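Novice: the amino acid sequence is not available; the structure is as follows:
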């Protein structure tokens, strides 16, 4: 894969970056954190700009792009620490497009792109094991509890992993009027998350085990993109700081030890970028293996705390106060490193298939 962006992708990245820099100051993000809410105004702007439609076909009202373009959008929003459910909504809607009946998928995607609906995944249960699905569906009605449903208390629909006739699958649940109890949870990243209890609620079947696997793969790789965005922003902030912070009469960036730290940060970010965007490209073409996705997420999950901790070390005491914007990316990066599979969980999945034959010349 050629990691150089084409002119259209470069224009997209720069447009989103410039818009966020102008319209979403970090004080606005701080207000969302303090009030434990999401940035609805920014979400409306994202809908209005048509950015949500990037990976969806034109027949559904999308832009006809792909996951790489969606990844660029997710990364730029992560670099601004924006409190919006971009990765969650895209992962849920893409899973529905791949698996749901045509009319159902069309309604869901068009509702999302029009700003009339917000669908997020609800997968994790008390076992804390992705893919361990026990919530039952009987006669089209779902019961059970899900933990760490990101933005679950603000969504209009949940895409719930559940089990019917002993077969796992995905089910769309509309929250309005349903017997659902939601309790907000506090997370490392200070973004909205909830524990949700479903009590015999109507559930529309979206897809089976393949749909659940597609959701997990897409959500996992998009969370890896968010790790990458947090680390890249921390790196850029640190290099800029090292150029102006002086000690012993000269910028600290002129000291060899600081240069070594910055070089280590840059190499970790660059190597992870290759793995993550290569996996995005392969997933878009339909030939990404679970092992490739797992390796990309493991790399991102290990990389982001390493990079942000080095960033704090170079910033010194200035990096330890929340008036400095660096903390956004340390906290968000750590949270996303655990979401949809930590480094250890992803490496364990990859190791499970290490003895399988590989087609190296495909």
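Specialist: Alright, I've got the coordinates. None of the values given here were measured: they were computed from a predicted structure. Residues are numbered from 1 along each chain as shown.
Novice: for residue 199, list the residues it contacts.
Specialist: If you count contacts by Cβ atoms under 8 Å, 6 or more residues apart in numbering, residue 199 has them with 143, 179, 180, 181. Glycine gets a C-beta too; all of them are placed from N, C-alpha and C.
Novice: residues near the first one, how many?
Specialist: By other Cβ atoms under 10 Å, 16 other residues sit near residue 143.
Novice: in a strand, it, correct?
Specialist: Yes: Residue 143: assigned to a strand according to DSSP: H, G, I helix; E, B strand; the rest coil.
Novice: quick check, it in contact with residue 202.
Specialist: No: taking contact to mean Cβ atoms under 8 Å, the distance of 11.4 Å between residue 143 and residue 202 leaves them out of contact.
Novice: C-terminal to the helix or strand harbouring residue 28, what's the next element?
Specialist: Residue 28 is part of helix 26-35, with elements assigned from DSSP states H and E. Taking DSSP H and E as the definition, the helix or strand that follows helix 26-35 towards the C-terminus is helix 40-49.
Novice: give me the angle between that next one and helix 26-35.
Specialist: Orientation note: helix 40-49 sits at an angle of 120 degrees relative to helix 26-35 (axes from the mean of the first three to the mean of the last three Cα atoms, to 10 degrees).
Novice: list the buried residues for whichever helix or strand comes after helix 40-49?
Specialist: Per DSSP H and E, helix 40-49 leads on to helix 67-79 as the next helix or strand towards the C-terminus. Buried residues in helix 67-79, counted by 16 or more other Cβ atoms under 10 Å: 67-79.
Novice: just the helices in the stretch 201-350 of the chain please.
Specialist: 209-244, 256-285, 290-315, 326-338, 343-352 (DSSP state H, counting those that start in this stretch).
Novice: and the first one, what does it pack onto?
Specialist: When contacts are defined as 3 or more Cβ pairs under 8 Å, 6 or more residues apart in numbering; DSSP states H and E, helix 209-244 packs onto helix 67-79, helix 86-99, strand 157-164, strand 167-174, strand 250-251, helix 256-285, helix 290-315, helix 326-338.
Novice: circling back to that earlier point, adding distance to residue 15 and mean neighbour count, write the helices of the stretch 201-350 of the chain out as a markdown table.
Specialist: Conversion of the helices of the stretch 201-350 of the chain to a markdown table gives the following (distance: least, Cβ to Cβ, whole Å; neighbours: other Cβ atoms under 10 Å):
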| stretch | distance to residue 15 | mean neighbour count |
| --- | --- | --- |
| helix 209-244 | 16 | 23 |
| helix 256-285 | 19 | 17 |
| helix 290-315 | 25 | 23 |
| helix 326-338 | 22 | 24 |
| helix 343-352 | 32 | 17 |
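Novice: residue 190 is nearest to which of these?
Specialist: Closest approach to residue 190 among the helices of the stretch 201-350 of the chain is made by helix 326-338 (6.1 Å; Cβ to Cβ).
Novice: tell me what angle that closest one forms with helix 290-315.
Specialist: Compare the direction of helix 326-338 with that of helix 290-315 by the same axes, to 10 degrees and you get 160 degrees.
Novice: touching helix 326-338 from outside, list them.
Specialist: By Cβ under 8 Å, 6+ apart, the residues outside helix 326-338 that reach it are 26, 29, 78, 81, 187-191, 223-224, 226-227, 230-231, 233-234, 237-238, 300-302, 304-305, 307-309, 311-312, 315, 319, 343.
Novice: residues in contact with residue 36?
Specialist: Contact criterion Cβ under 8 Å, 6+ apart gives 184, 192 as the residues in contact with residue 36.
Novice: pull the distance from the helix holding residue 28 to the chain's centre.
Specialist: 19 Å (Cα atoms, centre = their mean, to the nearest Å).
Novice: same question, stretch 315-326
Specialist: Its chain's C-alpha centre lies 25 Å from the corresponding centre of stretch 315-326 when counted by Cα atoms, centre = their mean.
Novice: any low-confidence regions in the stretch 201-350 of the chain?
Specialist: Residues of the stretch 201-350 of the chain that meet the criterion pLDDT under 70 are absent altogether.
Novice: phi first, then psi, for residue 287.
Specialist: Residue 287 has phi and psi values of phi -120, psi 20 when expressed as degrees, to the nearest 10.
Novice: identify the residue spatially nearest to residue 237, adjacent ones excluded.
Specialist: In space, and not counting its chain neighbours, residue 237 is closest to residue 326: 5.9 Å by Cβ to Cβ, 6 or more residues apart in numbering.
Novice: ok, the one you found to residue 236 distance?
Specialist: If you measure residue 326 against residue 236 using Cβ to Cβ, to the nearest Å, the figure is 11 Å.
Novice: over to residue 351?
Specialist: The value you get for residue 351 to residue 236, if Cβ to Cβ is used, is 34 Å.
Novice: Three-state assignment for residue 153, please.
Specialist: Here residue 153 is coil, with the state taken from three-state DSSP.
Novice: tally of neighbours for residue 128?
Specialist: Burial of residue 128, expressed as a neighbour count using other Cβ under 10 Å, amounts to 10.
Novice: what residues are up against it?
Specialist: For residue 128, the set of contacting residues under the criterion of Cβ under 8 Å, 6+ apart consists of residue 147.
Novice: quick check: which element contains it?
Specialist: With elements taken from DSSP H and E, nothing contains residue 128; it lies in neither a helix nor a strand.
Novice: got it, and the one 3 residues further on?
Specialist: Using DSSP H and E, residue 131 sits within no helix or strand.
Novice: so who does it touch?
Specialist: Under the contact definition (Cβ under 8 Å, 6+ apart), the residues listed for residue 131 are 168, 212, 216.
Novice: next, it: phi, psi?
Specialist: Listed backbone geometry of residue 131 is phi 90, psi -10, with angles given as degrees, to the nearest 10.
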